[in-house]
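**Q** quick one, structure for this:
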Amino acid sequence: MEPKRCLWVPLDKPLYVEYHDTEWGVPCHDERTLFEMICLEGAQAGLSWWTVLQKREHYRKVFHQFDIAKVAKMTDAALEKLLLDPGIIRHRGKIEGFRQNARAWIALREKEGDVVKWLWSFVGGKPQDHKTRSQENPNTTSLESDALSKALRKAGFNFVGSTTMYAFMQAVGMVNDHAANCLCRKRS
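**A** Next comes the predicted model:
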(Lines give C-alpha, C1' and ligand atoms only; values in the text may rest on other atoms or scores of the structure.)
Protein backbone atom coordinates (compact mmCIF):
# COMPACT_ATOMS: atom_id res chain seq x y z
CA MET A 1 0.00 0.00 0.00
CA GLU A 2 1.30 3.44 -0.99
CA PRO A 3 2.10 5.66 2.02
CA LYS A 4 -0.16 8.68 2.54
CA ARG A 5 1.17 11.99 1.23
CA CYS A 6 -0.16 15.49 0.84
CA LEU A 7 -2.82 15.58 -1.87
CA TRP A 8 -0.83 18.00 -4.04
CA VAL A 9 1.92 15.42 -4.67
CA PRO A 10 1.49 13.85 -8.14
CA LEU A 11 2.45 10.22 -7.54
CA ASP A 12 3.18 9.68 -11.25
CA LYS A 13 6.08 12.18 -11.06
CA PRO A 14 8.98 10.62 -9.12
CA LEU A 15 10.92 13.91 -9.01
CA TYR A 16 7.97 15.58 -7.30
CA VAL A 17 7.51 12.67 -4.85
CA GLU A 18 11.21 12.81 -3.97
CA TYR A 19 11.05 16.59 -3.46
CA HIS A 20 8.03 16.22 -1.16
CA ASP A 21 9.45 13.28 0.78
CA THR A 22 13.00 14.54 1.29
CA GLU A 23 12.98 18.33 1.10
CA TRP A 24 9.63 20.14 1.28
CA GLY A 25 8.94 21.16 4.85
CA VAL A 26 12.33 20.09 6.20
CA PRO A 27 13.76 22.93 8.33
CA CYS A 28 16.67 24.47 6.42
CA HIS A 29 19.32 26.73 7.90
CA ASP A 30 21.77 26.63 4.98
CA GLU A 31 22.36 30.09 3.54
CA ARG A 32 22.88 28.98 -0.05
CA THR A 33 19.79 26.77 -0.06
CA LEU A 34 17.63 29.50 1.45
CA PHE A 35 18.86 31.94 -1.19
CA GLU A 36 18.18 29.36 -3.91
CA MET A 37 14.64 28.80 -2.66
CA ILE A 38 13.83 32.51 -2.46
CA CYS A 39 14.97 32.85 -6.07
CA LEU A 40 13.23 29.72 -7.34
CA GLU A 41 9.97 30.51 -5.56
CA GLY A 42 10.13 33.92 -7.25
CA ALA A 43 10.76 32.25 -10.62
CA GLN A 44 7.70 30.09 -10.00
CA ALA A 45 5.39 33.09 -9.49
CA GLY A 46 2.47 32.68 -11.90
CA LEU A 47 3.59 29.20 -12.94
CA SER A 48 3.49 25.71 -11.47
CA TRP A 49 6.21 24.50 -9.12
CA TRP A 50 6.56 21.48 -11.43
CA THR A 51 7.86 23.81 -14.16
CA VAL A 52 10.61 25.11 -11.86
CA LEU A 53 11.38 21.75 -10.29
CA GLN A 54 12.13 20.24 -13.71
CA LYS A 55 14.51 23.12 -14.49
CA ARG A 56 16.12 23.30 -11.06
CA GLU A 57 19.38 21.55 -11.93
CA HIS A 58 19.89 23.84 -14.90
CA TYR A 59 19.16 26.88 -12.74
CA ARG A 60 21.89 25.66 -10.39
CA LYS A 61 24.30 25.34 -13.29
CA VAL A 62 23.70 28.77 -14.82
CA PHE A 63 23.46 30.59 -11.48
CA HIS A 64 26.73 29.22 -10.05
CA GLN A 65 25.09 26.71 -7.68
CA PHE A 66 23.44 29.77 -6.09
CA ASP A 67 26.73 31.06 -4.75
CA ILE A 68 25.46 34.44 -3.58
CA ALA A 69 28.68 36.39 -4.27
CA LYS A 70 28.98 34.95 -7.79
CA VAL A 71 25.34 35.62 -8.65
CA ALA A 72 25.69 39.20 -7.38
CA LYS A 73 28.61 39.74 -9.79
CA MET A 74 26.86 38.39 -12.88
CA THR A 75 27.12 40.86 -15.74
CA ASP A 76 24.30 42.31 -17.79
CA ALA A 77 25.70 40.37 -20.77
CA ALA A 78 25.57 37.08 -18.84
CA LEU A 79 21.97 37.72 -17.82
CA GLU A 80 21.03 38.75 -21.36
CA LYS A 81 22.44 35.46 -22.65
CA LEU A 82 20.20 33.58 -20.21
CA LEU A 83 17.14 35.04 -21.94
CA LEU A 84 17.92 32.61 -24.78
CA ASP A 85 18.39 29.57 -22.51
CA PRO A 86 15.42 27.16 -22.72
CA GLY A 87 16.68 25.40 -19.58
CA ILE A 88 15.25 28.19 -17.41
CA ILE A 89 12.17 30.39 -17.39
CA ARG A 90 13.08 33.16 -19.85
CA HIS A 91 11.53 36.11 -18.09
CA ARG A 92 13.80 39.16 -17.99
CA GLY A 93 12.51 40.42 -14.64
CA LYS A 94 12.89 37.06 -12.96
CA ILE A 95 16.37 36.49 -14.38
CA GLU A 96 17.55 39.95 -13.35
CA GLY A 97 15.82 39.42 -10.02
CA PHE A 98 18.24 36.63 -9.12
CA ARG A 99 21.17 39.05 -9.32
CA GLN A 100 19.19 41.76 -7.51
CA ASN A 101 18.30 39.31 -4.75
CA ALA A 102 21.94 38.28 -4.38
CA ARG A 103 22.96 41.91 -4.04
CA ALA A 104 20.15 42.55 -1.57
CA TRP A 105 21.19 39.45 0.41
CA ILE A 106 24.75 40.77 0.70
CA ALA A 107 23.51 44.19 1.80
CA LEU A 108 21.16 42.57 4.32
CA ARG A 109 24.04 40.48 5.67
CA GLU A 110 26.06 43.67 6.16
CA LYS A 111 23.15 45.32 7.97
CA GLU A 112 21.69 42.43 9.99
CA GLY A 113 24.58 39.99 10.27
CA ASP A 114 23.27 36.45 9.97
CA VAL A 115 20.61 36.47 7.24
CA VAL A 116 19.58 32.90 8.04
CA LYS A 117 18.83 33.83 11.66
CA TRP A 118 17.07 36.99 10.43
CA LEU A 119 14.82 34.98 8.08
CA TRP A 120 13.97 32.47 10.78
CA SER A 121 13.13 35.29 13.19
CA PHE A 122 9.88 35.78 11.26
CA VAL A 123 8.66 32.47 12.70
CA GLY A 124 10.21 32.91 16.13
CA GLY A 125 13.34 30.94 15.25
CA LYS A 126 11.63 27.55 15.00
CA PRO A 127 9.20 25.80 12.64
CA GLN A 128 5.57 26.76 13.07
CA ASP A 129 3.09 23.91 13.11
CA HIS A 130 0.36 25.22 10.85
CA LYS A 131 -2.90 23.46 10.43
CA THR A 132 -4.00 23.97 6.85
CA ARG A 133 -7.62 24.90 6.29
CA SER A 134 -7.87 21.82 4.10
CA GLN A 135 -5.83 20.05 1.46
CA GLU A 136 -8.32 21.24 -1.14
CA ASN A 137 -8.16 24.85 0.11
CA PRO A 138 -4.65 25.30 1.60
CA ASN A 139 -3.20 28.35 3.28
CA THR A 140 -1.48 30.69 0.83
CA THR A 141 -0.37 33.53 3.11
CA SER A 142 0.04 34.25 6.80
CA LEU A 143 0.85 37.20 9.03
CA GLU A 144 4.44 35.91 9.03
CA SER A 145 4.68 35.73 5.24
CA ASP A 146 3.16 39.23 5.01
CA ALA A 147 5.84 40.56 7.38
CA LEU A 148 8.67 38.68 5.64
CA SER A 149 7.53 39.88 2.23
CA LYS A 150 7.39 43.49 3.40
CA ALA A 151 10.83 43.28 5.03
CA LEU A 152 12.45 41.63 2.00
CA ARG A 153 10.97 44.20 -0.39
CA LYS A 154 12.24 46.98 1.88
CA ALA A 155 15.67 45.31 1.75
CA GLY A 156 15.62 45.39 -2.07
CA PHE A 157 14.52 41.86 -2.97
CA ASN A 158 12.33 41.14 -6.03
CA PHE A 159 9.53 38.61 -6.56
CA VAL A 160 8.95 38.19 -2.83
CA GLY A 161 5.21 38.78 -2.46
CA SER A 162 3.39 37.29 0.52
CA THR A 163 2.09 34.25 -1.38
CA THR A 164 5.55 33.57 -2.78
CA MET A 165 7.10 33.93 0.66
CA TYR A 166 4.51 31.61 2.20
CA ALA A 167 5.48 28.99 -0.38
CA PHE A 168 9.14 29.64 0.49
CA MET A 169 8.39 29.23 4.21
CA GLN A 170 6.62 25.93 3.52
CA ALA A 171 9.44 24.68 1.29
CA VAL A 172 12.23 25.41 3.79
CA GLY A 173 10.35 24.12 6.82
CA MET A 174 9.56 27.41 8.52
CA VAL A 175 5.94 26.25 8.56
CA ASN A 176 4.72 22.68 8.59
CA ASP A 177 1.78 22.40 6.23
CA HIS A 178 1.99 18.66 5.60
CA ALA A 179 -1.43 17.02 5.75
CA ALA A 180 -2.33 15.48 9.09
CA ASN A 181 -2.11 11.96 7.59
CA CYS A 182 1.03 12.64 5.49
CA LEU A 183 4.03 10.41 6.13
CA CYS A 184 6.14 13.58 6.50
CA ARG A 185 3.91 15.42 8.98
CA LYS A 186 5.74 14.36 12.13
CA ARG A 187 9.19 14.60 10.54
CA SER A 188 9.03 18.33 9.86
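
**Q** please make it C-alpha for all contacts and neighbour counts, starting now.
**A** Noted.

**Q** what's the local residue count around Pro10?
**A** Pro10: 14 surrounding residues under other Cα atoms under 10 Å.

**Q** check the gap between Thr164 and Trp49 for me.
**A** The gap separating Thr164 from Trp49 is 11 Å, by Cα to Cα, to the nearest Å.

**Q** compare these two (neighbour count), which wins?
**A** Set Thr164 next to Trp49 and count neighbours by other Cα under 10 Å: Thr164 wins out with 25 against 16.

**Q** on the three-state scheme, the more buried one is what?
**A** The assignment at Thr164 comes out as helix when based on DSSP: H, G, I helix; E, B strand; the rest coil.

**Q** touching, it and Glu41? I think so.
**A** Yes - here Thr164 reaches Glu41: they are 6.0 Å apart, a contact under Cα atoms under 8 Å.

**Q** before we move on, the earlier item: who touches both of Thr164 and Trp49?
**A** Residues touching both Thr164 and Trp49 by Cα atoms under 8 Å, 6 or more residues apart in numbering: Glu41.

**Q** which elements pack onto the lowest-mean-pLDDT helix or strand in the chain?
**A** Ranked by mean pLDDT, DSSP states H and E, the helix or strand of the chain with the weakest confidence is strand 128-129, at a mean of 88. Here strand 128-129 touches strand 175-176, going by 3 or more Cα pairs under 8 Å, 6 or more residues apart in numbering; DSSP states H and E.
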